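K.L.:
okay, sequence plus prediction incoming.
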Amino acid sequence: MYRARTFDQGDYDKYDDVAKRIFIDHLVGRGYKIISDDETFMHDIVAEKGGKIVYFEVEVKAGYPFTCEDDFPFDTVSFTGRKIRLHKKKPFFYVIMDLKSMSMVYCHSSLIYHEHHAQEVTINKRNRKGLDKMYRVPKEICTFVRL
C-alpha cells in the first residue's frame, strides 16, 4: 500500500551513524546516560536521566536547511508513518536533524501519531516513489534546537 516506505540503505549508510553520534553527544552534554544505541529494529537510542528511561528515533532531513522555527520552510513538520509501530511499543522523541546547519527539530510521538495529523502523500524523489502516510504536526508544538 505505501510503496514509498521502502527502506533506503544508501541514505541510511550516508547519514545514520553521523547523526546518531552528534545527537548522542548532545544528550550526554545534557546529562543523559546512554543505555543503548545498538542497531536493532527498535528505537535508535535508549537513554536515562534522573532515573527515567527515554527513547529516541533520529533521522536526517536533507535539502531543507533550518536553524529554528522561524526559518523552518514549512508550517508543519512531517514525521513518517512507519515509526508508529515503535510508538505503540514505547513512546519516543522523534528527532529530525539538519546536518548542514547543525540544527534539529523534535516532538514526542504521543503528540505526533494522531489521525488528525495524518495525510497520505505522494512521494516522488530519486530514491523513493509512491504513496506514504505522513503525520504533519504544526511546527509550533515541536521543539527546535541549534546544536
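P.N.:
Alright, I've got the coordinates.

K.L.:
ok, residue 100 - contacts?
P.N.:
Residue 100 is in contact with 62, 65, counting by Cβ atoms under 8 Å, 6 or more residues apart in numbering. Any C-beta I mention is one placed from the backbone N, CA and C, and that applies to glycine too.

K.L.:
surely it is within a strand?
P.N.:
No - counting by DSSP: H, G, I helix; E, B strand; the rest coil, residue 100 falls outside a strand, being coil.

K.L.:
phi, psi of it?
P.N.:
The phi and psi values for residue 100, taken as degrees, to the nearest 10, are phi -70, psi -50.

K.L.:
roughly how far does it sit from residue 142?
P.N.:
With distances taken as Cβ to Cβ, to the nearest Å, residue 100 is found 19 Å from residue 142.

K.L.:
count residues in the vicinity of residue 32, would you?
P.N.:
18 (other Cβ atoms under 10 Å).

K.L.:
if the spatially closest residue to it that is not a sequence neighbour is in a bridge, with which residues?
P.N.:
Using Cβ to Cβ, 6 or more residues apart in numbering and skipping the chain neighbours, the partner closest in space to residue 32 is residue 47 (4.2 Å). Counting by DSSP bridges, residue 47 is bridged to residue 34, residue 54.

K.L.:
hmm, residue 47 is touching residue 56, no?
P.N.:
Yes - counting by Cβ atoms under 8 Å, residue 47 touches residue 56, with 6.8 Å between them.

K.L.:
before we move on, the earlier item: if I pick the residue nearest to residue 32, what's in contact with it?
P.N.:
Each residue near residue 47 by Cβ under 8 Å, 6+ apart is listed here: 27, 32, 33, 34, 35, 53, 54, 56.

K.L.:
ok, residue 124 - contacts?
P.N.:
Going by Cβ under 8 Å, 6+ apart, the list of residues near residue 124 is empty.

K.L.:
bridging residues for it?
P.N.:
Beta-bridge partners, per DSSP bridges, of residue 124: residue 129.

K.L.:
from here on, call the first residue 399.
P.N.:
Done: numbering now begins at 399, and the last item shifts to residue 522.

K.L.:
can you tell me how far it sits from residue 528?
P.N.:
9 Å.

K.L.:
for residue 465, same thing?
P.N.:
Residue 465 is 31 Å from residue 528, by Cβ to Cβ.
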